Structures are given as structure tokens and as C-alpha cells.
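S.K.: I'd like to go over a predicted model; first the sequence, then the structure.
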Amino acid sequence: MINATEMKKGMVIEQDDGLFLVTETTHITPGNKRGILQAKIKSLKEGHTIQRRFRSSDRVEQAFLEARSFEYLYEEKPNFVFMDLKSFEQIQLSEEIVGEAMPYISHNSHVQITFHDDNPISIDLPGSVVLEVKQTDPGAKGNTVSNVFKPATLETGLETKVPMHIAIGNRVKIDTRTGAFIERVNQ
């Protein structure tokens, strides 16, 4: 347990029988009254954000999380199978846990999975990933303007826009936060 005034952005707390990510905190001291902490917290289970007020005397339970390295093996509908890189134990994660991360995870790629009380709660992606272009239209000769993009489908099924010079079979670096093209990667 920690004092509510010790909460920081990025911390995960246990509140109302659930896990919440602290996304914003503001200390408020109204005149001669005791200070309060206004916090925005996001439910890790449902994804909704709520605002909570904590008195300076309130105590909150900080969640202890463990991140472990896993390798993505294959999809077994409706789950995805990952292997722990240390123990070689395999786990199945539902689409509810992997969320929108799967279009950025190719077969045999490594990811960090966060656990709370030995239960997986989320997948942490790196800032960018390298994926192969599986489908795109050929660029027309003379279309070399730097800001012209065309649609492309990558090996995981992710659809994005790439520059005209990118062809099928090229490997590209993609930003996992936005899904945007960053650069072409040489083989």
C-alpha cells in the first residue's frame, strides 16, 4: 500500500477489484483545506477511463507486474499460442488480451507479456517492427514524388500506406503506435 499522493503516471494500481493504469495525476490544494489528488485511471480489463479523487490520507494498492519474454508460434482459433523463452512453456492468449497488437506480431517474433499474479494482462510491443510486403500495386514509372503513397498489405494482414518505390517482397519498418510506414529495410 502506498499513499495516494505517491501515485505517478504509468503506475498500475488495484482498485475496485480491477487493475487500473494511472494516465494523469493532478494535485489540488483548495485554499485552507486539505489537498486532494485528482487522477485519471484506465481499466486494463475494459479499457475505459474514469476520474477519481483521492484524499491525501487515502492509501492505494500498487500492483506488482512481471514482464516476461515470449515468442509467437501460431494461431489456434480463437487463441494465439506463445512460448516462454526461458522455460519453453506454451500459453494461449485470447484475442481480448492481445487486442490490436496481433497485426504487428509475425510468426517467431519476440514480445514482452505482462503478468499479474501469474495471469497475462497485456502484450507490450516495441516502438517499431519489420514486416514483409505481401501485396501492393506496382509503382508507375515517373511517380517519384516523395509524398505519394499507395496501399499495401503486410505479412500479418496489416494494411498501411507505403511510398511508390516499395514492391512486393520488400521489408518495411512500421511504427506500432500509429501503423505508419517509417522506412524500407534492406534484406
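M.R.: Sure, I can see it.
S.K.: which SSE is immediately downstream of the lowest-mean-pLDDT helix or strand in the chain?
M.R.: Among the helices and strands of the chain, helix 95-98 carries the lowest confidence by mean pLDDT, DSSP states H and E, at a mean of 82. As assigned by DSSP states H and E, the chain's next helix or strand after helix 95-98 is strand 110-116.
S.K.: quick one: low-confidence ranges for this protein?
M.R.: 139-146, 187 (pLDDT under 70).
S.K.: how is it partitioned into domains?
M.R.: For the chain, the domain assignment from automatic domain parsing gives the residue ranges 2-62, 66-124, 128-185.
S.K.: could those domains go into JSON lines alongside mean neighbour count?
M.R.: For glycine as for every other residue, the C-beta is placed from the backbone atoms N, C-alpha and C. Shown next, in JSON lines, are the domains of the chain (neighbours: other CB atoms under 10 Å):
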{"stretch": "domain 2-62", "mean neighbour count": "14"}
{"stretch": "domain 66-124", "mean neighbour count": "15"}
{"stretch": "domain 128-185", "mean neighbour count": "15"}
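S.K.: pull the CA atoms of stretch 167-176 into CSV?
M.R.: C-alpha atoms of stretch 167-176 as CSV (Å, rounded to 0.1, in the frame of the first residue of the first chain):
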residue,chain,number,x,y,z
ALA,A,167,7.5,-3.6,-54.1
ILE,A,168,6.2,-7.0,-53.1
GLY,A,169,8.8,-8.8,-51.0
ASN,A,170,10.4,-5.6,-49.6
ARG,A,171,10.7,-5.4,-45.8
VAL,A,172,9.5,-2.2,-44.2
LYS,A,173,9.7,-0.8,-40.7
ILE,A,174,6.3,0.1,-39.2
ASP,A,175,5.5,2.3,-36.2
THR,A,176,3.5,0.1,-33.8
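S.K.: for I91, give its distance to M83.
M.R.: Remark: distance between I91 and M83 (CB to CB, to the nearest Å) = 8 Å.
S.K.: residues shared between the contacts of the two?
M.R.: F70 (CB atoms under 8 Å, 6 or more residues apart in numbering).
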